[in-house]
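S.K.: Provided below for reference: sequence and predicted model.
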Amino acid sequence: MPRAPAKSSAARSSTKSPPRPDPRALLSWYDRRRRDLPWRAAPGERADPYAVWLSEIMLQQTTVEAVKPYFLGFLARWPSVEALAAAPLEEVMKAWAGLGYYARARNLHACAQQVAFERGGVFPREEDDLLSLPGVGPYTAAAVAAIAFDAPCVAVDGNVERVVARLFAIDRPIREAKRELRETAQTLRPAARSGDFTQALMDLGATVCTPRGPRCDLCPFASGCEAARRGETERFPVKAQKLEKPLRRGAAFVLTCGGAALLRTRPPRGLLGGMSEFPSTPFRVDFDPSRAQAHAPAAARWRALPGEVEHVFTHFSLRLTIFAATLPAPPPHIENGRWTPLARLSEEGLPTLMRKVAVRAGLIVE
DNA sequence: TATCCGTGGTA
DNA sequence: TTACCAAGGAT
């Protein structure tokens, strides 16, 4: 139940609150200032639902600039949901490598197959139906419904949460206020142009109502913003306390033989699920270096490379010791391993951590 | 409900 | 350098 916007006009004037934000002002701003993005239709047109869905999955917790090349690559290689559904999962995972949150790629493929094989290649138009698809949550369902079908929905992402928190000076931590933020955002929606409106809210958050240094002088909502009226834009949204990021350690084993390196595939779930790796120990806070070699993929004259590879994940930091060894040709068979020619290592779709390992071991440059 | 899940840019 | 954080979802 939204609180701030529920005030009567009498209550507004008595408390000197700013006037209610005007959706028409935002749409007018959007018509002049909208960003030109690869997945976005020309003004007045609707985008291909497949392209909208693909972009929204990629954009989950990921910056626009990081997504652009991946989106264009996917669309060129798999121009339709049927094409994506027909692709081997392994190829999709490889193409996703480097973008992060790899469960998204697995769900993307599963969703494409569901739409292609069980829905005749047609994306559902209803928010509730979209919500049932793998990898599609409340945000993405609303975004696809609004942007691809102009359904009466407002997609609430981090940008919109920030904009709404400022407009109504919602001073509870954002984690606690999720429901209020979402419901309040719905009350702003105009009767028409839902797709443009939801994109306008996100553009506003990305370019004007930014986390730091918001440009209130450019904001179509400035006269209706409670945080701006108080001169406290930077105080909203209220941040939750940050949690400690523990340091884990581990080791990776770079085994080469006859111009090839040994790789394996990680289990489908969990950290870097389904991605290629150099055989590694588990990553643990209480990692014991003296027992690392028990995880080596083969008996060899392992030598520890100087220094460590450092990487930061969402919830822990990692320092990885690299062991390297070379076996005499030809490459032997190793259980759960595969020999990949060094010349094709860059096509393997290594996650960034493993790319760092390859660089440190001198297998690839840069 | 809280935790797990990547990466790269920015101040 | 450190800290923050960007078009969240699954379990």
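M.R.: Arrived safely, thanks for sending.

S.K.: next, count neighbours for the closest residue to DNA strand C within the stretch 1-150 of chain A.
M.R.: The nearest approach of the stretch 1-150 of chain A to DNA strand C comes at A:G137, 2.4 Å away (Cβ to the nearest atom of the strand). (Glycine included, C-beta is placed from N, CA and C.) By the measure other Cβ atoms under 10 Å, the count of residues near A:G137 is 11.

S.K.: also A:V163?
M.R.: By other Cβ under 10 Å, the residues close to A:V163 number 29.

S.K.: what does the one 10 residues further on give?
M.R.: The burial count assigned to A:P173 is 13, neighbours taken as other Cβ under 10 Å.

S.K.: now for it: which residues touch it?
M.R.: By Cβ atoms under 8 Å, 6 or more residues apart in numbering, the contact set of A:P173 is A:237-240.

S.K.: of those, which is the nearest to DNA strand C?
M.R.: Nearest to DNA strand C, judged by Cβ to the nearest atom of the strand, of these is A:K239 at 5.4 Å.

S.K.: was I right to think the closest one contacts A:I174?
M.R.: Yes: counting by Cβ atoms under 8 Å, A:K239 touches A:I174, with 7.3 Å between them.

S.K.: which of those two has more neighbours?
M.R.: The neighbour comparison of A:K239 against A:I174 (other Cβ under 10 Å) goes to A:I174, with 17 against 11.

S.K.: check contacts around that one.
M.R.: A:I174 touches A:161, A:165, A:181, A:237-240, counting by Cβ under 8 Å, 6+ apart.

S.K.: tell me which element the residue nearest to A:A324 when sequence neighbours are not counted falls in.
M.R.: Leaving aside its chain neighbours, A:A324 sits nearest to A:V254 (4.6 Å; criterion: Cβ to Cβ, 6 or more residues apart in numbering). Assigned by DSSP states H and E, A:V254 belongs to strand A:247-257.

S.K.: and that strand, what does it pack against?
M.R.: Counting contacts by 3 or more Cβ pairs under 8 Å, 6 or more residues apart in numbering; DSSP states H and E, strand A:247-257 packs against strand A:260-265, strand A:317-326, helix A:352-360.

S.K.: so for A:E366, which of those sits nearest?
M.R.: The minimum distance between A:E366 and the helices and strands packed on strand A:247-257 falls on helix A:352-360, with 6.6 Å, by Cβ to Cβ.

S.K.: near DNA strand C at all, that closest one?
M.R.: No: applying Cβ under 7 Å from any atom of the strand, one finds helix A:352-360 separated from DNA strand C by no less than 12.5 Å.

S.K.: sorry, back to before: and the strand holding A:V254, anywhere near DNA strand B?
M.R.: No: Strand A:247-257 stays clear of DNA strand B (Cβ under 7 Å from any atom of the strand), getting no nearer than 9.6 Å.

S.K.: in that strand, what counts as buried?
M.R.: Neighbour-count burial for strand A:247-257, counted by 16 or more other Cβ atoms under 10 Å, picks out A:248-257.

S.K.: do the same with stretch A:65-80
M.R.: Going by 16+ other Cβ under 10 Å, stretch A:65-80 has these buried residues: A:67, A:70-71, A:74-75, A:78.

S.K.: circling back: give the contact list for the residue of the stretch 1-150 of chain A closest to DNA strand C.
M.R.: Applying Cβ under 8 Å, 6+ apart, one finds that A:G137 lies in contact with A:L131.

S.K.: ok, it to A:C209 distance?
M.R.: 23 Å (Cβ to Cβ, to the nearest Å).

S.K.: just the buried positions in stretch A:34-44, please.
M.R.: Going by neighbour count (16+ other Cβ under 10 Å), the buried part of stretch A:34-44 is A:37, A:39-40.

S.K.: which residues sit against stretch A:252-262?
M.R.: Outside stretch A:252-262, the residues that reach it (Cβ under 8 Å, 6+ apart) are A:277-281, A:295-298, A:300, A:302, A:309, A:320-332, A:334, A:337-343, A:345, A:354, A:357-358, A:361, A:363.

S.K.: before we move on, back to that, quick one: which of the contacts of A:P173 is most hemmed in?
M.R.: The most crowded member of the contacts of A:P173, judged by other Cβ under 10 Å, is A:P237 (23 neighbours).
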